[in-house]
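Chemist: I would like the atomic coordinates for the input below:
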Amino acid sequence: MFVEPGEVVYEGMIVGENSRSDDLDVNAVKEKHLTNIRSSTSDVLVRLVPHRQLSLDQALEFLREDECVEVTPGAVRLRKVELEKTARVKLARRSRAETAPVG
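Modeler: Numbering: from 1, shown residues only. This next block holds a predicted model:
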């Protein structure tokens with residue numbers, strides 16, 4: 001995770017690292033629904049890894065081609081170039097169509 005609990009996030013902001021190569025769109029502010037059914041693993045403690053505070057150099061090394069670094073006086077954040085999810089999907093389709101071989 002790149003953000004700490006309670007930090008303000010927005011659409012298109014990169015909040016963490018995925019173990020797979022593709023992007024995973026998540027709603028970081030959505031609360032988990034609690035149920036009255038207990039899980040068999042509810043007694044297992046989950047250790048949370050503290051968030052990583054990236055320096056400017058680390059953020060630049062982490063970037064992919066559709067991402068950028070947002071630098072403010074208080075923070076260094078990673079975000080997508082196109083913030084809206086639907087616009088990112090359209091842009092990805094358009095770039096795949098342009099690079100597809102004709103034949």
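Chemist: What is the burial count for residue 3?
Modeler: A count of nearby residues for residue 3, using other Cβ atoms under 10 Å, gives 19. Quick note: C-beta positions are derived from backbone N, CA and C, even for glycine.
Chemist: so how far is residue 85 from residue 35?
Modeler: 28 Å (Cβ to Cβ, to the nearest Å).
Chemist: So for the two, which sits in the more crowded spot?
Modeler: residue 85 (13 against 7).
Chemist: measure the residue nearest to the more buried one when sequence neighbours are not counted to residue 11 for me?
Modeler: Nearest in space to residue 85, with sequence neighbours left out and distances taken as Cβ to Cβ, 6 or more residues apart in numbering, is residue 25 at 5.8 Å. In this view, residue 25 and residue 11 are 9 Å apart by Cβ to Cβ.
Chemist: got any residues that touch both of these two?
Modeler: Residues touching both residue 25 and residue 11 (Cβ atoms under 8 Å, 6 or more residues apart in numbering) are residue 85.
Chemist: my guess is the residue nearest to residue 85 contacts residue 84, does it?
Modeler: No: counting by Cβ atoms under 8 Å, residue 84 is not a contact partner of residue 25; they are 11.0 Å apart.
Chemist: what about residue 69, which helix or strand?
Modeler: Residue 69 belongs to strand 67-71 when assigned by DSSP states H and E.
Chemist: ok now do residue 14, which residues does it touch?
Modeler: Counted by Cβ under 8 Å, 6+ apart, residue 14 has contacts 2, 67, 77, 78, 79, 80.
Chemist: How about residue 84?
Modeler: 11, 12.
Chemist: Quick one: end-to-end length of stretch 1-15, please.
Modeler: Distance between the two ends of stretch 1-15: 6 Å, counting by Cα to Cα, to the nearest Å.
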